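K.L.:
Mind looking at a prediction? Sequence and model below.
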Amino acid sequence: MLARECGFELAGVARAEPAADAARYREWVEAGRAGDMRYLTDRRAAVREDPRNLLASALSIVCVGKLYQTPWPHTAQFNDEECAWISRYAWGDDYHDVLRRGLEQLAARMGVTEYKICVDTAPLLERSYARLAGLGWIGKNTCLINQQSGSWFFLGELLVPMEIAPDAPPPDRCGTCRRCIEACPTEAIVPHGAGYTLDARLCTSYFTIEQRGPVPAHMRAGIGGHVFGCDICQDVCPWNGRAPVTEDPAFTPRHFAPPLAEMAALTEATFRAMFRGSPVSRARYFGFLRNVAIAMGNRGLPQFRAPLEKLAASEDRVVAEHARWALGLPAFQ
Ligand code: B12
Ligand code: SF4
Ligand code: SF4
């Protein structure tokens, strides 16, 4: 109830004790599946093993979920080849700020003065604890899925030095479904033991958001028109078929499918102004232009030749190389 008043549709409690899934995480890192995401593999990897490394006095983790779904098209429903695809989660304000504000309110309402707020960036296995707190199960696409709310929600946590009765994890409801595995254009959802995991080194979301430097040439075709993130494995999930929409105006779309040619023409200053306070700023200016060059190459429209020629002369050698790659594709020969 309190969590709802602070803007969270989902809430539950897990014990602040060592992560039962820590071994899964270690295996994932050891297999190299984190790619170049150093914040997952450096000394912070071990911090994830116990939430008390973040707040020594923590006894409970209040896990919250905040919906960001809006009644706008899914990837496959939007076919304008001239436009870039930005992932649904990045259409509105940066969720880190939105969730942090809600969690600060929640701490105040709970009357706790000693606490730790985590939203995405802290070394905490967020999906593991959210599952234990009853918010959902971990689907084959590795997203946390709630039976009523689907998976279009962000996670946040409040670590508190209070004993609160924990919730219980729900059953796994993926059953025999394999839609996400079959729909992923880059085959990034790979078998792991009896289940599945995500190999970030094959995932469009990783390439377009996290990876600095060049994207391996053999992976570029699978990226299609995506310039920031990817939603395909959630678009196809049956549990998202009737997912509720957010009522928070912070997530009202302001960056839905912008024209690729306009994106290619952004200066660093206009990029910064356009994406200030948006998750897209994480890609950084030249990383975003690199993504735009890949998307233009994959779309192969004749009107992209001139903007690609301009990008091929970019001062940034990675952007220039990706634009040259695009111009070398059969569509431009
Ligand atoms: C690194 C990262 C990424 C990487 C790697 C993703 C990945 N699957 O690992 C990349 C850049 C690819 C990525 C993409 C996205 N991300 Co991300 N990401 C993270 C981050 C920072 C760490 C995730 C991590 O530790 N990965 C390592 C692997 C091993 O962990 P894992 O897959 O979560 O698995 C753990 C548990 O889930 C559990 N587990 C896994 N499988 C199973 C199965 C069973 C049966 C059981 C019991 C347990 C279990 O064990 C593992 C070890 O703890 C978290 C925030 C955080 N601090 O946790 C956000 C987070 C997972 N991302 C989020 C989002 C929204 C996205 C995107 C949707 C963004 C987009 N549209 O592009 C995509 C979704 C792609 C996908 N299918 O996962 C949300 C997910 C919300 C949700 N409902 O699940 C998070 C929680 C951020 C947040 N605070 O809201 N992300
Ligand atoms: S986010 Fe896209 S590329 Fe990554 S696993 Fe899902 S469908 Fe595949
Ligand atoms: S698409 Fe099917 S297999 Fe994939 S996460 Fe959703 S229910 Fe599970």
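P.N.:
Great, that's in hand. Ligands and ions are numbered 1, 2, ... in the order given.
K.L.:
what's the neighbour count on Thr246?
P.N.:
19 (other Cβ atoms under 10 Å). Any C-beta I mention is one placed from the backbone N, CA and C, and that applies to glycine too.
K.L.:
What about it? Give its phi and psi, please.
P.N.:
Backbone torsions for Thr246, taken as degrees, to the nearest 10, come to phi -70, psi 150.
K.L.:
Skipping adjacent residues, who's closest to it in space?
P.N.:
Leu67 (4.3 Å; Cβ to Cβ, 6 or more residues apart in numbering).
K.L.:
which stretches of the protein form helices?
P.N.:
Per DSSP state H, the chain carries helices over the ranges 2-5, 22-30, 38-41, 44-47, 95-110, 126-132, 179-183, 204-205, 232-235, 260-264, 268-274, 285-299, 305-312, 317-327.
K.L.:
mind putting these in TSV, mean pLDDT included?
P.N.:
Shown next, in TSV, are these (pLDDT from 0 to 100):
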stretch	mean pLDDT
helix 2-5	95
helix 22-30	96
helix 38-41	97
helix 44-47	96
helix 95-110	98
helix 126-132	98
helix 179-183	98
helix 204-205	98
helix 232-235	98
helix 260-264	98
helix 268-274	98
helix 285-299	98
helix 305-312	98
helix 317-327	98
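K.L.:
Tabulate those helices in JSON lines, adding columns for distance to ligand 3 and mean neighbour count.
P.N.:
Below are those laid out as JSON lines (distance: least, Cβ to the nearest ligand atom, whole Å; neighbours: other Cβ atoms under 10 Å):
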{"stretch": "helix 2-5", "distance to ligand 3": "25", "mean neighbour count": "14"}
{"stretch": "helix 22-30", "distance to ligand 3": "17", "mean neighbour count": "15"}
{"stretch": "helix 38-41", "distance to ligand 3": "22", "mean neighbour count": "14"}
{"stretch": "helix 44-47", "distance to ligand 3": "26", "mean neighbour count": "14"}
{"stretch": "helix 95-110", "distance to ligand 3": "21", "mean neighbour count": "18"}
{"stretch": "helix 126-132", "distance to ligand 3": "12", "mean neighbour count": "23"}
{"stretch": "helix 179-183", "distance to ligand 3": "3", "mean neighbour count": "17"}
{"stretch": "helix 204-205", "distance to ligand 3": "15", "mean neighbour count": "24"}
{"stretch": "helix 232-235", "distance to ligand 3": "7", "mean neighbour count": "23"}
{"stretch": "helix 260-264", "distance to ligand 3": "29", "mean neighbour count": "20"}
{"stretch": "helix 268-274", "distance to ligand 3": "33", "mean neighbour count": "13"}
{"stretch": "helix 285-299", "distance to ligand 3": "24", "mean neighbour count": "25"}
{"stretch": "helix 305-312", "distance to ligand 3": "35", "mean neighbour count": "17"}
{"stretch": "helix 317-327", "distance to ligand 3": "31", "mean neighbour count": "20"}
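K.L.:
Using JSON lines, lay out these together with distance to Cys143.
P.N.:
Formatted as JSON lines, those follow (distance: least, Cβ to Cβ, whole Å):
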{"stretch": "helix 2-5", "distance to Cys143": "20"}
{"stretch": "helix 22-30", "distance to Cys143": "15"}
{"stretch": "helix 38-41", "distance to Cys143": "17"}
{"stretch": "helix 44-47", "distance to Cys143": "21"}
{"stretch": "helix 95-110", "distance to Cys143": "15"}
{"stretch": "helix 126-132", "distance to Cys143": "8"}
{"stretch": "helix 179-183", "distance to Cys143": "8"}
{"stretch": "helix 204-205", "distance to Cys143": "11"}
{"stretch": "helix 232-235", "distance to Cys143": "6"}
{"stretch": "helix 260-264", "distance to Cys143": "27"}
{"stretch": "helix 268-274", "distance to Cys143": "28"}
{"stretch": "helix 285-299", "distance to Cys143": "22"}
{"stretch": "helix 305-312", "distance to Cys143": "33"}
{"stretch": "helix 317-327", "distance to Cys143": "29"}
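K.L.:
roughly how far apart are the closest residue to Val112 other than its chain neighbours and Ala168?
P.N.:
Taking Cβ to Cβ, 6+ apart, and ignoring the residues beside it in sequence, Val112 has Val160 as its nearest neighbour in space, at 5.1 Å. As judged by Cβ to Cβ, to the nearest Å, Val160 and Ala168 stand 19 Å apart.
K.L.:
what's the burial count for the closest residue in space to Ala46 that isn't next to it in sequence?
P.N.:
Nearest non-adjacent residue to Ala46, counting by Cβ to Cβ, 6+ apart: Asn53, 8.0 Å away. When neighbours are defined as other Cβ under 10 Å, Asn53 has 15 of them.
K.L.:
quick thing: my sequence starts at 298, can you match it?
P.N.:
Sure, I'll start numbering at 298, so the last one becomes Asn350.
K.L.:
I'd like to know how far Asn350 sits from Ile414.
P.N.:
Per Cβ to Cβ, Asn350 is found 15 Å from Ile414.
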